[in-house]
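Peer 1: Let me see the structure of the following:
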Amino acid sequence: MAGRICLLKSAFTAIPLFYLSIFKAPVAVCNKISSIQRKFLWAWGKHNKSIPWVSWDNVCKPLEDGGLGVKEVKNFNVALLAKWRWRIMSNEGGKWMEIISSKYSSSAENIQLRLKDQSWWWKYIIKVCGEGVANGWFQKTIGWKVGNGAVVRLWEDLWLGNECLRSAYPRLFSLSLDQGKKVGEVGEWEENRWRWNLNWRRVRFQWETKLEVDMLSRLSLGALCKDSSEQLLWKGDQKGTFSVKSAYSVD
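Peer 2: This next block holds a predicted model:
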């Protein structure tokens, strides 16, 4: 049993690893791989039926949670694909990044384009990361350490507290003319002090003004720095750096 578990974690996971790390596997393929894994674990690879003594969900749980640590194919595929989104958002270099960016026109600048203008590969990445869904799992797990405000979007990105301003103040977001703008584009430096300059479609009602005051009070907590750049943070790991292991364990 111990030997079969080791083979499941090494050989059976390694064989499809290249394809799972680049492409979204069809559900039928994931189910077939899982079926082969189950047969190998309980029936030694034979075609005759065997008794599964533990549910497959428990087998795929981490060792610290009482499982055997076998990778569940669908979730593993999602975690591997999410790594590309992290690499592009953090402007990571390397030969693979050059190839992917060249083939699918994926870069930190292009990912802000409308979804219909993206390549089919990037659309798959967006889908598995939960983009377009309220509080997608990937978006909830990343954050920004703001610097000069040249990269982080004021309303849409999570850079202040535990919630982006778009979700915290939906009414003000609908009235804002700064949608999609970077933090550094919505204000100016006066000597060494940052002053916000928010633009609105119309004059706010009295109850909307109270929301604006509250938001400005919250914005005052976000300290910008002229001489430093933004840093992307991964909340799934204590070091703040993305890893497939930490993404696999995100609920």
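
Peer 1: Relative to G180, how far out is W155?
Peer 2: Look at W155 and G180: by CB to CB, to the nearest Å, they are 8 Å apart. Every residue, glycine included, has its C-beta placed from N, CA and C.

Peer 1: For the two, indicate the residue with more neighbours.
Peer 2: Set W155 next to G180 and count neighbours by other CB atoms under 10 Å: W155 wins out with 20 against 11.

Peer 1: who's in contact with the more buried one?
Peer 2: In this structure, W155 makes contact with 164-166, 173, 176, 178-181, judged by CB atoms under 8 Å, 6 or more residues apart in numbering.

Peer 1: In helices only, show me those residues.
Peer 2: 165-166, 173 (DSSP state H).

Peer 1: Could you export those as CSV, including neighbour count and pLDDT?
Peer 2: CSV is the format used below for the ones in helices among the contacts of W155 (neighbours: other CB atoms under 10 Å; pLDDT from 0 to 100):
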residue, neighbour count, pLDDT
L165, 23, 92
R166, 18, 90
F173, 18, 95
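
Peer 1: Please identify which of those residues is nearest to Y124.
Peer 2: The shortest gap between Y124 and any of the ones in helices among the contacts of W155 belongs to R166, at 24.5 Å (CB to CB).

Peer 1: separation between the closest one and L158?
Peer 2: Applying CB to CB to R166 and L158 gives a distance of 10 Å.

Peer 1: Run the chain-centre distance for the helix or strand harbouring I100.
Peer 2: Assessed by DSSP states H and E, I100 sits inside helix 95-104. Mean-position distance between helix 95-104 and its chain equals 19 Å (CA atoms, centre = their mean, to the nearest Å).

Peer 1: For the next helix or strand after it, name the packing helices and strands.
Peer 2: Counting by DSSP H and E, the element after helix 95-104 in chain order, helix or strand, is helix 120-128. Applying 3 or more CB pairs under 8 Å, 6 or more residues apart in numbering; DSSP states H and E, one finds that helix 120-128 contacts helix 73-89, helix 95-104.

Peer 1: any idea of the mean pLDDT for helix 120-128?
Peer 2: On average, the pLDDT along helix 120-128 is 83.
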